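A.B. asks: sequence and predicted structure are below.
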Amino acid sequence: QVQLVESGGGLVQAGGSLRLSCVASGRTFSDYFMGWFRQAPGQEREFVAAISWSGAGIYYADSVKGRFTISRDNVKNTVYLQMNSLKPEDTGDYYCAADTTPYYSDPGGYDYWGQGTQVTVSS
(Lines give C-alpha, C1' and ligand atoms only; values in the text may rest on other atoms or scores of the structure.)
Protein backbone atom coordinates (compact mmCIF):
# COMPACT_ATOMS: atom_id res chain seq x y z
CA GLN A 1 0.00 0.00 0.00
CA VAL A 2 1.04 3.55 -0.74
CA GLN A 3 -0.38 6.46 1.20
CA LEU A 4 -0.46 9.87 -0.48
CA VAL A 5 -1.14 13.19 1.22
CA GLU A 6 -1.51 16.39 -0.79
CA SER A 7 -1.15 19.92 0.48
CA GLY A 8 -0.70 23.45 -0.81
CA GLY A 9 -4.09 24.23 -2.27
CA GLY A 10 -5.93 27.45 -1.61
CA LEU A 11 -7.57 30.54 -3.02
CA VAL A 12 -5.56 32.66 -5.43
CA GLN A 13 -6.29 35.42 -7.91
CA ALA A 14 -5.92 34.84 -11.63
CA GLY A 15 -2.30 35.21 -12.64
CA GLY A 16 -1.08 34.01 -9.27
CA SER A 17 0.87 30.92 -8.28
CA LEU A 18 0.53 27.93 -6.01
CA ARG A 19 2.79 25.01 -5.24
CA LEU A 20 1.19 21.68 -4.47
CA SER A 21 3.03 18.92 -2.64
CA CYS A 22 2.26 15.23 -2.30
CA VAL A 23 4.09 13.15 0.28
CA ALA A 24 4.15 9.39 -0.17
CA SER A 25 4.68 6.68 2.39
CA GLY A 26 4.43 2.94 2.66
CA ARG A 27 6.57 1.74 -0.24
CA THR A 28 9.75 2.73 -2.09
CA PHE A 29 8.83 6.04 -3.66
CA SER A 30 11.20 5.72 -6.61
CA ASP A 31 9.35 2.56 -7.72
CA TYR A 32 6.30 4.68 -8.57
CA PHE A 33 5.35 6.80 -11.52
CA MET A 34 3.53 9.85 -10.16
CA GLY A 35 0.68 11.84 -11.64
CA TRP A 36 -1.37 14.92 -10.87
CA PHE A 37 -5.02 15.04 -11.85
CA ARG A 38 -7.80 17.54 -11.22
CA GLN A 39 -11.54 17.49 -11.05
CA ALA A 40 -13.84 20.46 -11.35
CA PRO A 41 -17.39 20.30 -9.99
CA GLY A 42 -19.60 18.24 -12.25
CA GLN A 43 -16.73 17.20 -14.48
CA GLU A 44 -14.63 14.12 -14.91
CA ARG A 45 -11.20 13.79 -13.41
CA GLU A 46 -8.60 14.97 -15.92
CA PHE A 47 -4.89 14.52 -16.37
CA VAL A 48 -2.64 17.44 -15.48
CA ALA A 49 0.95 16.19 -15.35
CA ALA A 50 3.02 13.08 -14.72
CA ILE A 51 6.61 12.24 -13.93
CA SER A 52 8.48 8.98 -14.32
CA TRP A 53 10.26 7.04 -11.61
CA SER A 54 13.59 8.89 -11.83
CA GLY A 55 12.11 12.14 -13.10
CA ALA A 56 13.60 11.73 -16.57
CA GLY A 57 10.19 11.53 -18.22
CA ILE A 58 7.76 14.43 -17.76
CA TYR A 59 4.36 14.85 -19.37
CA TYR A 60 1.78 17.65 -19.35
CA ALA A 61 -1.74 18.23 -20.50
CA ASP A 62 -1.83 20.82 -23.28
CA SER A 63 -3.92 23.11 -21.10
CA VAL A 64 -1.11 23.54 -18.54
CA LYS A 65 2.04 23.38 -20.68
CA GLY A 66 4.29 26.35 -20.07
CA ARG A 67 2.48 27.25 -16.83
CA PHE A 68 2.79 24.19 -14.59
CA THR A 69 5.93 22.28 -13.62
CA ILE A 70 5.99 18.83 -12.08
CA SER A 71 9.02 17.61 -10.14
CA ARG A 72 9.90 14.97 -7.59
CA ASP A 73 12.36 14.44 -4.76
CA ASN A 74 12.98 10.73 -4.24
CA VAL A 75 14.81 11.43 -0.98
CA LYS A 76 11.89 13.35 0.50
CA ASN A 77 9.31 10.99 -1.07
CA THR A 78 7.53 14.01 -2.47
CA VAL A 79 6.14 15.10 -5.81
CA TYR A 80 5.44 18.76 -6.51
CA LEU A 81 3.28 20.74 -8.88
CA GLN A 82 4.31 24.34 -9.33
CA MET A 83 1.40 26.22 -10.86
CA ASN A 84 2.02 29.67 -12.34
CA SER A 85 -0.17 32.07 -14.32
CA LEU A 86 -3.24 30.44 -12.85
CA LYS A 87 -6.57 30.86 -14.61
CA PRO A 88 -10.13 30.49 -13.30
CA GLU A 89 -10.46 27.32 -15.38
CA ASP A 90 -7.69 25.75 -13.28
CA THR A 91 -10.12 25.65 -10.36
CA GLY A 92 -10.81 22.19 -8.95
CA ASP A 93 -9.70 19.48 -6.57
CA TYR A 94 -6.17 18.35 -7.32
CA TYR A 95 -5.15 14.78 -6.68
CA CYS A 96 -1.82 13.03 -6.80
CA ALA A 97 -1.68 9.42 -7.88
CA ALA A 98 0.89 6.64 -7.93
CA ASP A 99 1.41 3.44 -9.85
CA THR A 100 4.34 1.31 -10.82
CA THR A 101 3.54 1.19 -14.54
CA PRO A 102 0.55 3.32 -15.49
CA TYR A 103 -0.55 4.72 -18.80
CA TYR A 104 0.38 8.11 -17.44
CA SER A 105 -2.63 10.20 -18.54
CA ASP A 106 -5.33 7.65 -17.69
CA PRO A 107 -6.71 7.98 -14.15
CA GLY A 108 -7.80 4.36 -14.36
CA GLY A 109 -4.18 3.36 -14.66
CA TYR A 110 -3.26 4.48 -11.14
CA ASP A 111 -3.81 2.30 -8.10
CA TYR A 112 -3.15 4.81 -5.35
CA TRP A 113 -4.69 8.23 -4.78
CA GLY A 114 -4.49 11.02 -2.27
CA GLN A 115 -7.50 12.72 -0.72
CA GLY A 116 -7.09 15.84 -2.84
CA THR A 117 -6.42 19.50 -2.21
CA GLN A 118 -8.71 22.26 -3.39
CA VAL A 119 -7.53 25.02 -5.71
CA THR A 120 -9.74 28.02 -6.39
CA VAL A 121 -8.69 30.71 -8.85
CA SER A 122 -10.74 33.88 -8.76
CA SER A 123 -11.09 36.18 -11.76
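C.D. replies: Okay, I see it.
A.B. asks: burial check on residue 38, number of neighbours?
C.D. replies: Residues lying near residue 38 (other CB atoms under 10 Å) number 23. All C-beta spots, glycine's among them, are computed from the backbone N, C-alpha and C.
A.B. asks: so how far is residue 123 from the residue nearest the centre of the chain?
C.D. replies: The centre of the chain sits closest to residue 36, judged by CA atoms, centre = their mean, with a distance of 2.3 Å. Using CB to CB, to the nearest Å, residue 36 is found at 23 Å from residue 123.
A.B. asks: before we move on, what about residue 41?
C.D. replies: Plainly put, residue 41 is 16 Å away from residue 123 if you go by CB to CB.
A.B. asks: contact partners for the nearest residue in space to residue 109 that is not next to it in sequence?
C.D. replies: Once flanking residues are discounted, residue 109 sits nearest to residue 102: 3.6 Å by CB to CB, 6 or more residues apart in numbering. When contacts are counted by CB atoms under 8 Å, 6 or more residues apart in numbering, residue 102 touches 33, 35, 50, 109-110.
A.B. asks: just those residues: which has the poorest pLDDT?
C.D. replies: Among the contacts of residue 102, residue 109 carries the weakest pLDDT, at 91.
A.B. asks: wait, that residue touches residue 50, no?
C.D. replies: No - counting by CB atoms under 8 Å, residue 109 does not reach residue 50; the two are 9.9 Å apart.
A.B. asks: the two: which has the busier surroundings?
C.D. replies: Shown here are residue 109 and residue 50; by other CB under 10 Å, residue 50 has more neighbours (25 against 15).
A.B. asks: doesn't the more buried one belong to a helix?
C.D. replies: No - per DSSP: H, G, I helix; E, B strand; the rest coil, residue 50 lies outside any helix segment and is strand.
A.B. asks: quick one, what contacts the residue nearest to residue 1 when sequence neighbours are not counted?
C.D. replies: Excluding its sequence neighbours, the residue lying closest to residue 1 (CB to CB, 6+ apart) is residue 26, at 5.0 Å. When contacts are counted by CB under 8 Å, 6+ apart, residue 26 touches 1-3.
A.B. asks: alright, I will stop here.
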